[in-house]
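Peer 1: the following comprises the amino acid sequence and a computationally predicted model.
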Amino acid sequence: MSDREDWDELRDEALGHPEARASYEAARIRFELGRAVRERREELGMTQTQLARAAGLKQPAVARFESGGTMPTLPLLERLAIALGMRLQVAFEPLDRAG
């Protein structure tokens, strides 16, 4: 058995525990939101400082958010969306279609 198979089995076993699954999902959400904001900011040629100013934040808060270090509130996501020239959309997606 390869190391990858061992790791996959270990991860799957760990994620079988409800607490671990919840933590994993929270981390995934933070990471995906942070990545989306960073990618849009970079598309616009903005610095973290410029985004922070436009959203009424401080640069370290943007850096933490983009790295997946914080779980944002909906009002914060709305402020970031507006600062990035976007509209926030919140939707539910069936688990069998989720990535």
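Peer 2: Cool, got the structure.
Peer 1: outside of the worst-scoring helix or strand of the chain on mean pLDDT, which residues touch it?
Peer 2: Lowest mean confidence among the helices and strands of the chain (mean pLDDT, DSSP states H and E): helix 3-14, at a mean of 72. Residues from elsewhere that reach helix 3-14, judged by Cβ atoms under 8 Å, 6 or more residues apart in numbering: residue 20. Where you see a C-beta, it was placed from the backbone N, CA and C, and this is true even at glycine.
Peer 1: measure residue 46 to residue 53 for me?
Peer 2: Distance, residue 46 to residue 53, using Cβ to Cβ, to the nearest Å: 10 Å.
Peer 1: please identify which of the two sits among more neighbours.
Peer 2: residue 46 (18 against 15; other Cβ atoms under 10 Å).
Peer 1: assign the more buried one to helix, strand or coil.
Peer 2: Recorded secondary structure, residue 46: coil (DSSP: H, G, I helix; E, B strand; the rest coil).
Peer 1: tell me the confidence at it?
Peer 2: On the pLDDT scale, residue 46 is placed at 98.
Peer 1: please report the distance of it from residue 67.
Peer 2: To residue 67, residue 46 is 17 Å away according to Cβ to Cβ.
Peer 1: what's the answer for residue 29, then?
Peer 2: Per Cβ to Cβ, residue 29 is found 14 Å from residue 67.
Peer 1: go on, residue 43?
Peer 2: Look at residue 43 and residue 67: by Cβ to Cβ, they are 18 Å apart.
Peer 1: just list the residues touching residue 79, thanks.
Peer 2: Applying Cβ under 8 Å, 6+ apart to residue 79 gives the contacts 55-57.
Peer 1: and of those residues, the nearest to residue 89?
Peer 2: Using Cβ to Cβ, residue 55 is the member of the contacts of residue 79 that sits closest to residue 89, with 17.5 Å.
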